[in-house]
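1. fold the following for me, if possible:
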Amino acid sequence: MMTVQIEVGDTALIVNISGGTMFTTLRKRIEIPYNFIEEVQVGNFKFPLTAIKRTGITTMGYKAGIFIIDKKKYFLSYHDANKVAILGLKEFEFDRIVIENEDPEQLVKNILMRCSHINN
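-> This is a model prediction of the structure:
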């Protein structure tokens, strides 16, 4: 069950959060203006043992919430670390956002189409 829905809006990427993830992260939505996105990639995210949980949940099969990894602030939401989009952000509340998507390649293409400032 996905508790995060991604909307590719005209001026911003909107992450809508529901269910248990909403309670563990204490938020319903993260709106990321495209000009804050520095990089975007389809990933195979390796969750480090050194991650510090701020709010959220970590189980063998699920990671969601706000974590500090290598002194950077991450928002994570995924079951399958091989089906995630990884966003690198600048001057934003989070340094990285890692979210699972059924079609991460298409999501990344859709974001890149709106981020002409990113050189791929």
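2. and residue 21, what's its pLDDT?
-> Note on residue 21: pLDDT of 72.
3. helices and strands of this structure: which one has the lowest mean pLDDT?
-> Within the chain, no helix or strand scores below helix 19-25, which has a mean of 73 by mean pLDDT, DSSP states H and E.
4. sheet partners, orientation included, of whichever helix or strand comes after that one?
-> Scanning the chain past helix 19-25 towards its C-terminal end, the next helix or strand to appear is strand 29-33 (assignment: DSSP states H and E). Using DSSP bridges, the strands paired with strand 29-33 are strand 12-17 (antiparallel).
5. buried residues, the partner strand. List them.
-> Judged by neighbour count (16 or more other C-beta atoms under 10 Å), strand 12-17 contains these buried residues: 12, 13, 15, 17. In short, each C-beta sits where N, CA and C put it, glycine included.
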